[in-house]
Structure formats: structure tokens, C-alpha cells
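In: Requesting a structural model of the entry that follows:
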Amino acid sequence: MPHKLNSDRTAAVSLDAVWLPIDEYTPRGVKLMLISRAAGVAQIGLHQRTDSHYTHWHPLPKFFKDTIKEAV
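Out: Got it, this is the predicted structure:
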């Protein structure tokens, strides 16, 4: 995934992944990355229809199959 540092050099930012606005198609009751645009702090959590704090979401990333190692 291509990325760059933001102008303050405090965060790595994806060049091709974007936050999706929360709307009627947002998955509910499953793990998502959630953010309030005003607060600017992302977290992993569940989004319910009654939530009004979060403004955007993104699905969780997955591992490439060749990088998964067996648990010992």
C-alpha cells in the first residue's frame, strides 16, 4: 500500500485507502476502524445504528497469505 507522511510528519497516510462516510450501507455490529473527523482519533470498535459520535469507517486490513505464520 503506497503511503506518505503527512505535512507535520506525525502520521503515515495511505495514498489509495480512504475513510468511508457512515451511511445506511455501513456494516453494523462488526469490527471496523471508526473515526470522528472532528476528533481525528481512530479506533477499532463496533458501530451500532444508535451511535452518533463516529463520522467515517474503514474495513480492517488483512494479511497477505504468504506473511501469515503458524502460531507456536
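
In: which residues touch the helix or strand of the chain with the lowest mean pLDDT?
Out: Evaluated with mean pLDDT, DSSP states H and E, the helix-and-strand set of the chain has its lowest mean pLDDT in strand 12-14, which scores a mean of 92. For strand 12-14, contacts defined as C-beta atoms under 8 Å, 6 or more residues apart in numbering pick out 1-6. In short, each C-beta sits where N, CA and C put it, glycine included.

In: quick one: strands adjacent to the following helix or strand past it?
Out: Of the helices and strands lying after strand 12-14 in sequence (DSSP states H and E), the nearest is strand 20-21. Strand pairing for strand 20-21, determined by DSSP bridges: strand 56-58 (antiparallel).

In: any idea how far stretch 7-20 is from the chain center?
Out: With C-alpha atoms, centre = their mean, to the nearest Å as the basis, the distance from the averaged C-alpha position of stretch 7-20 to the chain average is 11 Å.

In: Only C-alpha atoms, please: export it in CSV.
Out: Taking only C-alpha atoms (Å, rounded to 0.1, in the frame of the first residue of the first chain), the coordinates of stretch 7-20 have been written out as CSV:
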residue,chain,number,x,y,z
SER,A,7,2.7,17.6,6.4
ASP,A,8,3.5,17.6,10.1
ARG,A,9,5.4,14.3,9.7
THR,A,10,3.4,12.8,12.6
ALA,A,11,1.4,10.1,10.7
ALA,A,12,1.8,7.8,7.7
VAL,A,13,-1.1,8.4,5.3
SER,A,14,-2.4,5.9,2.7
LEU,A,15,-2.4,7.2,-0.9
ASP,A,16,-5.1,4.8,-2.0
ALA,A,17,-7.3,4.0,1.0
VAL,A,18,-9.9,6.5,2.2
TRP,A,19,-12.3,6.8,5.1
LEU,A,20,-15.9,5.9,4.1
